[in-house]
Every structure is written in C-alpha cells, then in structure tokens.
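Novice: Model the structure of this input:
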Amino acid sequence: MKNLLNWFPVYKQLRVYSRAKAIADLNAAVVVSVMLIPQSLAYAILAGLPPHLGLYASVVPIVVYSLLGSSTALAVGPVAIGSIMTATTLATVTSQGLINYIDGAIVLALLSGLFMFILGLLRFGFVANFLSHSVINGFITASGIIIAVSQIKHLLGVKVSGHAFFDILNQLYHSFTQINFITLALGGGALIYLFVARKYAASFLAKLGVNQSLAAVLAKMAPVIGVMLTTLIVAGFSLNSQDVAIVGEIPKGIANFGLPDVTLDAIQALILPAIFISLIGYVESISVGRTLAAKRNQKIDSNQELIGLGSANIASGLAGAFPITGGFSRSVVNFDAGAETQVAGLFTAVGIALAALFLTPYLYYLPIAMLASTIIIAVLSLVDFSVLKHAWKFSKSDFYSVMSTILITLAFGVEVGVATGIIVSIALYLYKTSRPHIAQIGLIRGTEHFRNIKHFEVEVHPHVISLRIDESLIFSNAIYLENHILDLVNKSLETKHLILHLGAVNSVDLTGMEMLEDINTQLKNKGILLHLSDVKIPIKKLLRKSGFLDLLTGELFLSHYQAYQKISSLNDAI
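Specialist: Numbers count the residues shown, from 1 in each chain. Okay, the predicted model is just below:
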C-alpha cells in the first residue's frame with residue numbers, strides 16, 4: 001500500500017494539510033479558474049478545434065496531474081505552443097484523409113501522454129537536458145511570432161489558412177479587401193485594452209492602495225473583463241448578423257469519454273509529431289516547475305513529472321480533448337495567488353467544471369476576435385530576441401544554432417522548426433564534445449600547480465610534453481584527440497615522455513579506450529613513453545579491466561606534479 005501511495009505526491013501534502021493551506025489553495029483556484037476559462041476556449045480555437053474542447057482539456061487532466069504531479073504550483077492545461085503544434089500536425093494528417101480532425105487531436109493527446117508516461121517509468125527525466133535551452137528559446141520565439149500572426153485573421157475577420165509565417169503574411173496581404181471593419185474595431189479595441197491592462201493595470205491598482213501582489217494577480221484577470229464586455233457588445237448590437245464571428249453554442253459538460261476511430265496508418269503519421277509535442281511540452285513544464293519550486297526551496301521530481309504529465313495527457317485524450325502541459329502564465333498566477341499544494345489544482349478543476357456546466361450559455365455571443373486578442377497578448381511574452389544578443393556574445397556556434405532554428409521555424413512551420421531545434425541541440429552537443437579543449441601545461445615555479453603555457457609563465461622540460469584533456473574520452477572526440485596529440489608530438493623531435501592529465505575525464509567509452517591504445521602503440525614505436533596522471537578511480541578501474549594498464553609504456557601517477565618531478569629528474573640525470 002505504501003509503495004502505491006508513493007505514486008501520488010499529493011498524499012504527502014494531505015498528511016500535513018491544514019485549514020490555512022486549504023484557504024490558500026481555494027483562493028488560488030478561484031483566480032486560476034477565472035483566468036483559465038477564456039484561455040482554454042482561445043487555445044482550442046488556436047488548435048483548430050471547437051472551443052468547448054478547451055474546457056474538456058482543463059478539467060479531468062488537471063485532476064489527474066494534481067494527483068500524480070510533483071509540483072505544488074504548476075497549473076496544467078492547453079498552452080499556445082502545444083495548440084499550434086496540434087493545428088500544424090492535424091492540418092497535414094487530415095488533408096491525407098487518414099483521420100478526422102477531432103479524432104486526430106485525441107490520438108495526439110493519447111500518444112504524447114503514453115510516450116511521456118513510458119519515459120517516466122524508465123526514469124528518463126534527464127531527457128530535457130539534451131535540448132539546448134538557447135535553441136528551445138529560439139524555437140519558442142519563432143512559434144510565438146507565428147501564433148500572433150496567425151490570429152490577425154480573426155482580428156480582421158478574413159479567412160486565412162496555413163501555419164508558416166511567410167505563407168500567412170502572403171495570404172493576409174491578399175485578403176485586405178475582405179476586411180470586416182466591425183470585427184477589426186472590436187478586435188483592435190480588445191487588443192489595445194489587453195495590452196494597456198497588462199502593462200499598467202497592476203501599477204494602477206497599487207496606486208489605489210491595493211496590495212502589490214494582489215494587484216498583480218487581479219491585473220492578470222483583465223481578459224475575463226474583456227470577455228464580458230465584448231460579449232455584451234456583440235449581443236446588444238447583434239453584431240453576429242454583421243458577420244462578426246462568435247463562439248456560438250457550447251455544449252454543456254466536462255468531457256466526452258470514449259476512444260477515437262483510428263487506423264494504424266493514422267497512428268504512424270501522428271506518432272512522431274506526438275513525440276515532438278511531448279518533448280517541447282515537457283521542457284516548458286519542467287522549466288516553469290523548477291523555477292517556481294526554487295522560490296520556495298522545494299524540488300520537483302523530473303521522472304514523476306513525466307508520469308504526471310503523461311497521465312494528464314492520456315486523461316485529456318480519453319476526455320475527448322487535445323495535448324496539454326504546464327503553462328507559464330497560469331502557473332505563475334497560481335503561485336502568486338498563494339497555492340500551497342496540488343489540491344489547488346483539484347479546486348481549479350471543480351471551478352472550471354462548474355463553468356462548463358452552468359456558464360457556457362452566456363458565452364454564446366463571445367467574439368472570436370476577443371479570444372484572438374487574448375492569444376496575441378499571451379504569446380508576445382514568448383517572443384524574446386535577447387537570446388540572440390546573449391548567444392552572439394557568449395558563443396557564435398550557439399548564435400547560429402538559435403538563428404537557424406528561428407528562421408526555419410518561421411519559413412517552414414512549427415513542426416519542422418521543433419525537429420530542427422532537437423537536431424540542432426544534439427548536433428551542437430556532439431560538435432562541442434568532438435572538439436574538446438586540450439591544454440599543453442607547464443609548472444608554475446615555486447608551486448605544484450600546472451597551467452596552460454599560452455596564458456602563464458611556466459616551466460617545461462624539453463623532453464616532456466604535459467597535456468590536460470578537458471573532456472571525457474568518447475566516440476565523438478576520439479579521432480580529434482588522437483590526431484591532436486600525435487601532431488603535437490611529431491612537431492617536437494626531442495620528446496621522450498608524454499604525460500596525459502586526466503583529471504577532467506569522467507568517462508571513457510570503448511572508442512576512447514581504443515584511442516588510448518593506439519596512442520600508446522604509436523608513441524612506443526617512436527620511442528616515447530606514455531604516462532597518465534590524476535586518473536579518477538572509476539576511470540582507473542576501466543583501464544585496469546580493459547587490460548590497458550598492462551600495456552601502458554609509462555607509469556600511472558597520483559598527481560601530475562609527481563609525474564613531472566620524477567620524469568624530469570630521470571631525464572636530467574641521463
């Protein structure tokens with residue numbers, strides 16, 4: 001029974017749950033629920049789905065994550081990036097006639113959830129570390145631009161298809177003669193209102209005497225007021241008769257449980273996009289979760305997060321909705337509103353469920369332009385070109401990686417962009433490990449310390465070359481290291497000893513071991529002895545297990561100073 005309860009992190013919270021925590025969680029849930037209702041509708045529309053599916057994605061999945069997730073502040077549900085990736089994927093797959101749109105969204109949720117759940121069981125929480133943070137920022141920036149531009153059609157009241165940045169711009173340009181000016185006035189006004197509220201509402205409320213943290217939370221509820229006002233305007237003036245697009249009838253309910261009608265061909269077409277959606281969603285979620293947890297000196301379990309998010313996505317699919325993950329804005333609001341435990345998520349689910357059951361008739365006249373404005377303002381926070389400036393200053397290779405990810409995402413769409421981001425992240429890692437830093441070092445006189453001969457005045461012996469390898473010895477750098485070492489030895493005809501400082505080497509794979517054996521053999525043929533120093537115990541065990549230490553022409557030294565002193569004195573005595 002105890003092992004079973006370990007699957008539910010919320011259980012530990014309930015054991016010490018108090019009335020004060022319950023009140024804090026309830027207060028946070030009220031704020032997040034109010035915020036999530038228009039967001040959920042908006043992101044469903046962004047995904048190309050009926051608005052009520054956004055509510056389906058915000059009830060049962062939240063309950064499941066609250067039970068299985070390890071973060072006390074993370075609020076899950078539909079997010080902008082996941083929604084646009086869903087729309088992009090389904091536009092391609094449904095055009096091939098493999099599956100209908102809604103069933104495709106459900107299958108995406110189920111597949112992405114299953115993928116994350118399996119990764120969690122296999123303890124693969126570290127997978128997020130293989131995606132370069134700067135490259136992911138570049139992808140998110142480009143995606144934010146695409147999402148914002150894709151919503152302009154709703155502000156103008158024109159029909160535009162496609163999900164690539166330049167394609168959307170081209171279609172918008174050719175649709176200017178079809179602009180619905182009533183929709184433009186309504187959407188433009190909503191956009192200005194949300195922008196001003198986002199920028200100035202918190203400070204304005206603070207000047208009125210409202211507590212600063214409360215003012216920040218209330219300011220984030222501006223979209224709800226916008227929804228109420230624009231709905232009243234459309235209903236009062238019957239603007240829907242003037243071709244102003246509205247949400248229309250929203251079915252009551254919190255889910256449509258069942259399994260979709262799906263074929264093997266459809267699954268094969270959707271599985272790779274589902275993996276992409278899972279990876280990006282997990283990276284976004286774990287980043288937000290860790291940031292908020294650090295503010296409270298808490299830690300989240302990356303493997304448990306995979307299980308929690310995976311289960312929540314499976315629940316979203318079974319509820320008839322689409323992929324979800326932990327959202328930045330709603331999680332920050334949840335945190336700032338005082339959420340103490342995962343129980344806040346359960347309260348939030350109840351709040352949205354009540355809205356889905358009793359308030360949906362009042363959203364009939366909600367204009368799509370208002371939801372589009374909500375999306376545009378929300379995703380503008382994702383656009384961050386400062387990553388290019390930082391990357392340029394820090395590393396040119398990082399800059400080119402980020403820039404290529406942004407341009408490819410803009411030119412070819414989100415799906416190609418995320419694939420590029422993942423490939424570039426892995427390629428960047430392999431490139432950096434394939435060309436490790438190798439320093440020729442010498443002794444600083446009067447000390448036992450060795451430093452790079454290029455940066456310090458050091459003592460070197462004419463018959464001895466000392467090299468420090470600042471990377472593990474693995475397949476990606478073996479050839480580079482071997483060539484570098486042998487080239488250096490060939491240029492120094494007086495060399496009789498080569499000492500490799502392996503203090504920074506944390507692992508050696510089979511290719512790395514073969515590289516050491518090759519160097520040992522080639523140096524032996526040249527009459528040069530190979531010595532090793534500062535070898536860590538795990539590496540020493542590997543060298544002994546492989547039999548390399550029996551073949552080593554030189555010695556194994558505890559420290560580089562001992563190696564240098566003994567070898568130098570021996571050569572001076574000759």
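Novice: quick one: which helix or strand includes L388?
Specialist: With secondary structure defined by DSSP states H and E, L388 is part of helix 386-394.
Novice: Quick one: list the elements packing against that helix.
Specialist: Secondary-structure packing of helix 386-394 (3 or more CB pairs under 8 Å, 6 or more residues apart in numbering; DSSP states H and E): helix 133-150, helix 396-412. Quick note: C-beta positions are derived from backbone N, CA and C, even for glycine.
Novice: Domains in this structure, by residue range?
Specialist: 20-159+169-429, 438-573 (automatic domain parsing).
Novice: out of those domains, deepest packed?
Specialist: When you average the neighbours per residue for each of those (mean count of other CB atoms under 10 Å), domain 20-159+169-429 leads with a mean of 21.
Novice: roughly how far out does it sit from the chain middle?
Specialist: Taking CA atoms, centre = their mean, to the nearest Å, the mean C-alpha location of domain 20-159+169-429 is offset from the chain mean by 13 Å.
Novice: on that earlier part again, as JSON lines, the domains of the chain with mean pLDDT and distance to W7 would be great.
Specialist: Output for the domains of the chain, formatted as JSON lines (pLDDT from 0 to 100; distance: least, CB to CB, whole Å):
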{"stretch": "domain 20-159+169-429", "mean pLDDT": "89", "distance to W7": "7"}
{"stretch": "domain 438-573", "mean pLDDT": "91", "distance to W7": "33"}
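Novice: In JSON lines, list these along with distance to P9.
Specialist: Shown next, in JSON lines, are the domains of the chain (distance: least, CB to CB, whole Å):
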{"stretch": "domain 20-159+169-429", "distance to P9": "5"}
{"stretch": "domain 438-573", "distance to P9": "32"}
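Novice: In this structure, which residue is most central in space?
Specialist: Against the mean C-alpha coordinate of the chain, by CA atoms, centre = their mean, the closest residue is V283 at 2.5 Å.
Novice: A190 versus the closest residue to it other than its chain neighbours, what's the distance?
Specialist: Nearest residue to V283 in three dimensions, chain neighbours excluded: A128, at 5.0 Å (CB to CB, 6 or more residues apart in numbering). Plainly put, A128 is 36 Å away from A190 if you go by CB to CB, to the nearest Å.
Novice: what do you get for S569?
Specialist: 82 Å.
Novice: do the same with T511
Specialist: 59 Å.
Novice: Check I376 too.
Specialist: 10 Å.
Novice: Throw the helices and strands packed on helix 386-394 into CSV and include distance to R19, thanks.
Specialist: Listed next are those as CSV, based on distance: least, CB to CB, whole Å:
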stretch, distance to R19
helix 133-150, 40
helix 396-412, 49
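Novice: Out of these, which gets nearest to R290?
Specialist: Among the helices and strands packed on helix 386-394, helix 133-150 comes nearest to R290, with 11.9 Å by CB to CB.
Novice: which helices and strands does that closest one pack with?
Specialist: helix 80-95, helix 165-173, helix 264-295, helix 368-380, helix 386-394, helix 396-412, helix 414-434.
Novice: a markdown table please, covering those helices and showing distance to I352.
Specialist: As requested, those are exported to a markdown table (distance: least, CB to CB, whole Å):
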| stretch | distance to I352 |
| --- | --- |
| helix 80-95 | 17 |
| helix 165-173 | 31 |
| helix 264-295 | 19 |
| helix 368-380 | 16 |
| helix 386-394 | 34 |
| helix 396-412 | 32 |
| helix 414-434 | 27 |
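Novice: I'd assumed H461 was in contact with S568.
Specialist: Yes - in this structure, S568 is within contact of H461 by CB atoms under 8 Å, at 4.7 Å.
Novice: joint contacts of the two?
Specialist: When contacts are counted by CB atoms under 8 Å, 6 or more residues apart in numbering, the set common to S568 and H461 is empty.
Novice: that older thread, let me know which of the domains of the chain is the nearest to F8.
Specialist: domain 20-159+169-429 (5.4 Å).
Novice: Show the residue spans covered by the helices in the stretch 451-574 of the chain.
Specialist: Secondary structure of the stretch 451-574 of the chain by DSSP state H, counting those that start in this stretch: the helices cover 478-491, 510-525, 537-546, 548-551, 560-573.
Novice: gap between the third one and the chain center?
Specialist: The chain centroid and the centroid of helix 537-546 are separated by 37 Å under CA atoms, centre = their mean.
Novice: what sits up against that helix?
Specialist: Taking CB under 8 Å, 6+ apart as the rule, helix 537-546 contacts L502, V505, N506, S507, V508, M513, L516, L532, V535, L549, L556.
Novice: which ones among those are found in strands?
Specialist: Counted as lying in strands by DSSP state E, out of these, are L532, L556.
Novice: Please tabulate the contacts of helix 537-546 in TSV and include distance to S278 as additional columns.
Specialist: Listed next are the contacts of helix 537-546 as TSV, based on distance: CB to CB, whole Å:
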residue	distance to S278
L502	38
V505	34
N506	29
S507	28
V508	33
M513	36
L516	39
L532	43
V535	40
L549	45
L556	46
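Novice: you'd agree V210 is in a strand?
Specialist: No - under the criterion used here (DSSP: H, G, I helix; E, B strand; the rest coil), V210 is coil, not part of a strand.
Novice: The residue nearest to it when sequence neighbours are not counted and Q13: what is the separation?
Specialist: What sits nearest to V210 in space, not counting adjacent residues and going by CB to CB, 6+ apart, is L218, at 7.0 Å. Separation of L218 from Q13 (CB to CB): 27 Å.
Novice: Show me what the helix holding L388 is in contact with.
Specialist: By CB under 8 Å, 6+ apart, the list of residues contacting helix 386-394 reads S134, N137, G138, T141, D398, F399, S401, V402, M403, I406.
Novice: Same question for stretch 398-408.
Specialist: Contacts for stretch 398-408 (CB under 8 Å, 6+ apart): 132, 134-135, 137-139, 141-142, 387-388, 391-392, 416-417, 420-421, 424-425, 427-428.
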